[in-house]
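Chemist: the sequence isn't on hand, but the structure is:
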């Protein structure tokens, strides 16, 4: 049996049991959660999931969206998708950035990555208090795929320039082994 895929995104006020309620409803429709990212941002719970299932499981989730939203008290969207076609002509790298928190850091770094023709596969950011000083400290970690046609030396030079311009600390390392 061929499995169908869908991406579920949801957001709503955080509460205890919200993940159990959502996953229970997906299981009742015979959906299988392949991947997920869940987080509490401010007072809101946010989730994105890749769900697989037979065609009727996915269409059942989509068709019963009002019930699912009512049961979980989340605003939900479910979008059918297809299997990812990973870029096999690239090298996986991890980019990490740390600095004092300032507006525009994510935009500056992602704009540079885009200009270099690099695809971002995963990006996470957080702001925390620095040890000892308590100053707001920004952290970003991105998993990227660098095409074989792109010069890593040129990327490193550009990142060094960005570090100087924006007062950032950036590391850019190839992922060893299977990512």
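Modeler: Cool, got the structure. Given the structure is predicted, the values throughout are model-derived calculations rather than measurements.
Chemist: which strands or helices does the longest helix along the chain pack on?
Modeler: In the chain, ranked by residue count with DSSP state H as the criterion, the top helix is helix 152-166. If you count contacts as 3 or more CB pairs under 8 Å, 6 or more residues apart in numbering; DSSP states H and E, helix 152-166 packs onto strand 90-100, helix 105-115, strand 169-174. For the C-beta atoms, the positions are set from N, CA and C on the backbone; glycine is no exception.
Chemist: could those be laid out in JSON lines, adding distance to residue 71 and mean neighbour count?
Modeler: Below are the helices and strands packed on helix 152-166 laid out as JSON lines (distance: least, CB to CB, whole Å; neighbours: other CB atoms under 10 Å):
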{"stretch": "strand 90-100", "distance to residue 71": "38", "mean neighbour count": "17"}
{"stretch": "helix 105-115", "distance to residue 71": "34", "mean neighbour count": "15"}
{"stretch": "strand 169-174", "distance to residue 71": "43", "mean neighbour count": "13"}
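Chemist: isn't residue 172 right next to residue 95, touching?
Modeler: Yes. At 5.2 Å, residue 172 and residue 95 qualify as touching, with contact defined as CB atoms under 8 Å.
Chemist: identify the contacts common to the two.
Modeler: residue 159 (CB atoms under 8 Å, 6 or more residues apart in numbering).
Chemist: quick one: low-confidence parts of this protein?
Modeler: Low-confidence segments of the chain, defined by pLDDT under 70: 1-2, 86-88, 177-179.
Chemist: tell me which residue is most central in it.
Modeler: residue 122 (4.6 Å; CA atoms, centre = their mean).
Chemist: got a list of what that one touches?
Modeler: Neighbours of residue 122 in contact, by CB under 8 Å, 6+ apart: 142-143.
Chemist: look up how far residue 94 lies from it.
Modeler: Separation of residue 122 from residue 94 (CB to CB, to the nearest Å): 10 Å.
Chemist: continuing past the helix or strand residue 62 falls within, what's the next helix or strand?
Modeler: Per DSSP states H and E: residue 62 is located in helix 55-63. Helices and strands here follow DSSP H and E; after helix 55-63, the next one along the chain is helix 65-72.
Chemist: domain map for the chain?
Modeler: The record assigns the chain these domain ranges, following automatic domain parsing: 4-81, 90-174.
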